[in-house]
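K.L.:
Quick one: sequence plus predicted model below, questions after.
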Amino acid sequence: MNQCPGISKSIELKHAYWLRSGAYTLMEKAVSLLYGFGGAVVLFRSLEKAEFGTWVLFTVVVSILEVGRIGLLQNALVKYLSEHNNDEETSRINTASVVLNLMLTGVIILLLNIFAGTAAQLLHAPDLAPLLRIYSFTTLALIPFFQFNYIQQANLDFKGIFFSNLFKGSVLFGYIIFAFSFGKNIELTTLAWYQVGSAVVGSVVAWYFARPWLNYSRSVDWQWVRKLFRFGKYVLGTNLSTQIFRNSDKLLLGALPGAGAAAVALYDAAMRITNLTDIPTHSMASMLFPQTARRTSENGALKFLYEKAVGAILAFLVPVIIVVELFAEWIIHIVAGPEYAESAMLLRITILFGLFIPYAVQFGTLLDSAGRPRVNFLYTLLSLVLTAAFNYLFIIRMGVMGAALGTLLAYGASFALMQWYLHRHFGIQPLRPFMYMAGFVRSLLRFAMRLLRGEESLLKVITKLAKSEEVSHPSQTGTGSAQPAKAESL
């Protein structure tokens, strides 16, 4: 039977939407990677180790604060705007979200100014205090940036989100490239002021694209303020815990004797490369969540999806890990320069994190989609405690090398505890993903051969993926796992 022309056109429009939105999301990630990784490569060569370490500690502290704000605001605003098409109701939601944003930003500004000096002392980074105080202006300028981008996300328009992030990052990144190219001295406070300019530019661009959906009520509906807060507070708690968990090694390196800001710089050189392994892990989590959420009632479905997702990620990561282990010195020399040669041994350890992170991220995805977010939160807290404890014990004895070893052992301990839970409740086998990995590797090799022979094209593959998105794309606003959004690239 021939398909109805109207239905066929509707399907084509859906496919075009997923291609378009997927392309903008992919470009946004690529731009963030360019600004974050590329900017760091230049700063490695422009700043002293202690200066770069101070900048890393600064970005860690403010990213923890911003991830808290993002967690409280984003999911709640996007969810409720998506559910209400009435202009009067959406205007109340928008106004309530702005009020909540202003209140939380006020708290952040107070914390930055009151505890800036204390943070600088605890982390043994005297130059940190003025950076945190300058960031008070950045976080204020980010209010409209976040607000307008979340409104666009709720209306399924990702074009403005891409361009606002593109222009926002270009200000700071452009200054770094300009100063390096012309041999100008880069001051940390100057970088912080350019961050303020980045936030202003990003907010203006976000406003331009969000204009069709900007409607606000003249009075504040405090019931909506409370409703948004109640929804977002759990995401805030999980995101804060996860962000602290992921950065506890750097914070302890700065705070404990025998390390300091220079040690943080050495460690960050290795972690910049290691963090690239997060890209396939988090991308797979975004695809896995809707499938697990839909198939929780099917016997064995969660077990199969978890093991296959981890196997797919490992198919990409294991070859990368092998290459990094073999050429660590060469990679560090290219990324950070000869002054960071000591980071090569650190990289050989930190790259092994990639064997455990896929299991942990998909653990959170599976539990949230199975309706067990409390268990996920408790395991996140447990992982935080283990990481902090192992890092403390190893850093005070081994310095910067202790941070790498302590974190690796913490990942291993968390892995064992998570797999015990998954095996007991879902029958998941921790080694089975390697069987799927072998199958994925064979498929990738066959696909590569077809590409070389001209029998397959990337465009065809993207189209197939876009069509499959019609079934698997999440209606939820997040992946479900504890994956905080990135607040700042540099």
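P.N.:
Sure thing, it's come through.

K.L.:
Please make it C-alpha for all contacts and neighbour counts, starting now.
P.N.:
Noted.

K.L.:
any idea which helix or strand carries residue 100?
P.N.:
Element membership for residue 100, per DSSP states H and E: helix 87-122.

K.L.:
helices or strands next to that helix in the packing?
P.N.:
helix 49-83, helix 128-154, helix 222-255 (3 or more CA pairs under 8 Å, 6 or more residues apart in numbering; DSSP states H and E).

K.L.:
following the shortest one, which helix or strand comes up?
P.N.:
If I follow you right, that is helix 128-154. Using DSSP H and E, the first helix or strand after helix 128-154 is helix 159-181.

K.L.:
Just the CA trace of the following helix or strand past that next one, in CSV.
P.N.:
Following helix 159-181 in sequence order, the next helix or strand is helix 188-210 (DSSP H and E). The C-alpha atoms that make up helix 188-210 are tabulated as CSV, following Å, rounded to 0.1, in the frame of the first residue of the first chain:
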residue,chain,number,x,y,z
LEU,A,188,45.2,36.1,35.1
THR,A,189,43.0,39.0,36.0
THR,A,190,42.9,40.0,32.3
LEU,A,191,41.6,36.5,31.5
ALA,A,192,38.9,36.9,34.1
TRP,A,193,37.8,40.3,32.8
TYR,A,194,37.6,38.8,29.3
GLN,A,195,35.4,36.1,30.8
VAL,A,196,33.0,38.9,31.8
GLY,A,197,33.0,40.2,28.2
SER,A,198,32.3,36.7,27.0
ALA,A,199,29.3,36.3,29.2
VAL,A,200,27.9,39.7,28.0
VAL,A,201,28.4,38.8,24.3
GLY,A,202,26.9,35.4,24.8
SER,A,203,23.8,36.8,26.5
VAL,A,204,23.2,39.4,23.8
VAL,A,205,23.3,36.7,21.1
ALA,A,206,21.1,34.3,23.2
TRP,A,207,18.6,37.2,23.5
TYR,A,208,18.5,37.8,19.8
PHE,A,209,17.6,34.2,19.0
ALA,A,210,15.2,33.7,22.0
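
K.L.:
Now do the closest residue to residue 91 other than its chain neighbours against residue 164, distance only.
P.N.:
Leaving out its chain neighbours, the residue that sits closest to residue 91 by CA to CA, 6 or more residues apart in numbering is residue 216, at 4.1 Å. To residue 164, residue 216 is 21 Å away according to CA to CA, to the nearest Å.

K.L.:
With neighbour numbers in mind, choose between these two.
P.N.:
residue 164 (26 against 18; other CA atoms under 10 Å).

K.L.:
before we move on, back to that, in terms of mean pLDDT, which of the helices and strands packed on helix 87-122 ranks lowest?
P.N.:
For the helices and strands packed on helix 87-122, the bottom mean pLDDT is recorded on helix 222-255, which sits at a mean of 86.

K.L.:
packing partners for the very next helix or strand once past it?
P.N.:
Note on helix 222-255: by DSSP H and E, the next helix or strand toward the C-terminus is helix 261-274. Judged by 3+ CA pairs under 8 Å, 6+ apart, helix 261-274 is in contact with helix 49-83, helix 222-255, helix 328-335, helix 343-350, helix 400-426.

K.L.:
how does it look with 7 Å?
P.N.:
helix 49-83, helix 222-255, helix 343-350 (3 or more CA pairs under 7 Å, 6 or more residues apart in numbering; DSSP states H and E).

K.L.:
okay if I get those helices as a markdown table plus distance to residue 278 and mean neighbour count?
P.N.:
As requested, those are exported to a markdown table (distance: least, CA to CA, whole Å; neighbours: other CA atoms under 10 Å):
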| stretch | distance to residue 278 | mean neighbour count |
| --- | --- | --- |
| helix 49-83 | 17 | 22 |
| helix 222-255 | 12 | 20 |
| helix 343-350 | 13 | 22 |
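
K.L.:
how about those helices in JSON lines, adding distance to residue 95?
P.N.:
Output for the helices and strands packed on helix 261-274, formatted as JSON lines (distance: least, CA to CA, whole Å):
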{"stretch": "helix 49-83", "distance to residue 95": "11"}
{"stretch": "helix 222-255", "distance to residue 95": "9"}
{"stretch": "helix 343-350", "distance to residue 95": "44"}
